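*Asks:* The following block contains a protein sequence and its predicted model.
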Amino acid sequence: NSRGSASLLKDTISFTEVSASGLYEGHDLLRRGFTSVKNELLPSHPLELTEKNFQLNQDKTNFATLRNIQGIHAPLKLQMEFRAVKQVQRLPFLHSSNMAMDILRGNDECIGFEDILNDPSQSEIMGEPHMMMEHKLGLL
């Protein structure tokens, strides 16, 4: 069934995925894992795309509801606050709880699996600070 499999294909490939390792460098196995053409083309489960975009879809629904109730100014103000909170970040080697984003979304009073199972001392992003900053700035 070619129509069914075509709808599961990825729509776009971001430029950063293609050019992140450089033109003549090999695949960074530690950062990106093993490569597989099948994994890049098809999602592993039909609900994977829905789960990946859950927060985005929920935000769109909330913005539409807010616009219908309060007018255009309310979702615009909230989107500006989201953008301001996303710009303020800790250094890449420090754990961030993103508390301001949780407060804006109303998730600050909810307990999820990431609150219990996300122990910063066991985080995989712990590493050498200088190396991680150089990678974030694109110097590596």
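*Replies:* Nice, thanks for sending it over.

*Asks:* how about the residue nearest the centre of the chain, what does it touch?
*Replies:* Nearest to the geometric centre of the chain sits residue 52, at 8.6 Å (Cα atoms, centre = their mean). Neighbour list for residue 52: empty [criterion: Cβ atoms under 8 Å, 6 or more residues apart in numbering]. C-beta here means a position set from N, CA and C on the backbone, and glycine is covered the same way.

*Asks:* ok, it to residue 86 distance?
*Replies:* As defined by Cβ to Cβ, to the nearest Å, residue 52 lies at a distance of 18 Å from residue 86.

*Asks:* got the end-to-end distance for stretch 95-103?
*Replies:* From its first residue to its last, stretch 95-103 covers 18 Å (Cα to Cα, to the nearest Å).

*Asks:* Next, the buried residues of that stretch.
*Replies:* Buried residues in stretch 95-103, counted by 16 or more other Cβ atoms under 10 Å: 100, 101, 102.

*Asks:* How far away from the center of its chain is that stretch?
*Replies:* 14 Å (Cα atoms, centre = their mean, to the nearest Å).

*Asks:* Only the C-alpha atoms, please, for stretch 31-50, written as CSV.
*Replies:* Extracted in CSV, the C-alpha atoms of stretch 31-50 (Å, rounded to 0.1, in the frame of the first residue of the first chain):
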residue,chain,number,x,y,z
ARG,A,31,25.3,12.3,20.4
ARG,A,32,22.9,10.9,17.7
GLY,A,33,23.0,7.2,18.2
PHE,A,34,23.0,4.5,15.5
THR,A,35,21.7,5.5,12.1
SER,A,36,19.0,3.6,10.4
VAL,A,37,17.2,4.7,7.2
LYS,A,38,14.0,3.0,8.3
ASN,A,39,13.9,5.0,11.5
GLU,A,40,14.4,8.2,9.6
LEU,A,41,11.5,7.5,7.2
LEU,A,42,8.8,5.8,9.3
PRO,A,43,7.7,6.4,12.8
SER,A,44,7.9,3.3,15.0
HIS,A,45,4.3,3.5,16.1
PRO,A,46,1.2,5.3,14.6
LEU,A,47,0.8,7.3,17.9
GLU,A,48,4.4,8.5,17.9
LEU,A,49,3.7,11.6,15.8
THR,A,50,0.7,12.5,17.9
